[in-house]
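J.: Just need the structure, nothing else, for what follows:
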Amino acid sequence: MNQRVAFWRHGPNVISVLRIIGALGLLFCKPAGATFWAIYALCGISDMADGWLARKLHAETRGGAILDSLADLSFVVCCAIRLLPLLSIPSWLWIWAGIIIVIKIVNQVSALAVFKRFCFPHTMANKLTGFLLFLAVPTFFWTVIPVAVVAAVATFAAIQEGRVQGDGEPEKSRMYIHK
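T.: Numbers count the residues shown, from 1 in each chain. So this is what the prediction gives:
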């Protein structure tokens, strides 16, 4: 492989690192201001771009999957820090989110017990959840309906994660397993 091709194979990881930097940049923006939403949009687009580029360049790696998961987490946490104080979230939605979190924790404990590692499956349901959440967050200032749809899809994705992990064949399920 020539050096030019080898250099471009790092592109997906560079995009993930830039998403982390962008997410951190959200902490310094006026919440829900124009700059915030511009960075928000770039971070969301980069989330779709890094995976697509990794597949296109045949550059999918375990390290890249971990970096992508860290970038996703940093984006969600930074958005939550800036936006949650502005939102009036109904208690039923907090409870629903808590149930999803409990399911995901159970999945990770189960994966640790069975595979001796954490498992973060990049299933279609998880990807759809992320995409719908990205679209729903800006609308949450006016209505809770899109977020309820996301919660339903996220619940399905969390349950599916446990099912995929329960198959016992993570390599066949396009799952990224992290040591």
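J.: Longest helix in the protein, by number of residues?
T.: Identified as the longest helix of the chain according to DSSP state H is helix 91-115.
J.: Please identify the buried residues of that one?
T.: Of the residues in helix 91-115, those buried by neighbour count under the rule 16 or more other C-beta atoms under 10 Å are 96, 100, 103, 104, 107, 108, 111, 115. Heads up, the C-betas are built off the backbone N, CA and C, glycines and all.
J.: cool, stretch 28-41 as well?
T.: With burial defined by 16+ other C-beta under 10 Å, the residues of stretch 28-41 counted as buried are 29, 36, 39, 40.
J.: Let's test this: mean pLDDT of it, rounded?
T.: Averaged across stretch 28-41, pLDDT comes to 95.
J.: Kindly export that stretch (C-alpha atoms) in CSV.
T.: The C-alpha trace of stretch 28-41 is given here as CSV (Å, rounded to 0.1, in the frame of the first residue of the first chain):
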residue,chain,number,x,y,z
PHE,A,28,-18.3,27.2,25.0
CYS,A,29,-21.3,28.3,22.8
LYS,A,30,-24.5,30.0,23.8
PRO,A,31,-26.9,27.1,24.2
ALA,A,32,-29.2,26.8,21.3
GLY,A,33,-27.6,29.7,19.6
ALA,A,34,-26.6,29.9,15.9
THR,A,35,-23.0,28.8,16.6
PHE,A,36,-24.2,25.9,18.8
TRP,A,37,-26.5,24.6,16.0
ALA,A,38,-23.9,25.0,13.4
ILE,A,39,-21.4,22.9,15.4
TYR,A,40,-24.2,20.5,16.3
ALA,A,41,-24.9,20.0,12.6
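J.: helix or strand for the residue most central in space within the chain, which one?
T.: Compute the mean C-alpha point of the chain, and by C-alpha atoms, centre = their mean the closest residue is residue 72, 4.0 Å away. Assignment of secondary structure by DSSP states H and E places residue 72 within helix 62-83.
J.: For that helix, which helices and strands make contact with it?
T.: In terms of contacts (3 or more C-beta pairs under 8 Å, 6 or more residues apart in numbering; DSSP states H and E), helix 62-83 is packed against helix 11-26, helix 34-56, strand 118-121, helix 124-139, strand 175-178.
J.: Tell me which of the ones you listed sits nearest to residue 158.
T.: helix 124-139 (8.6 Å; C-beta to C-beta).
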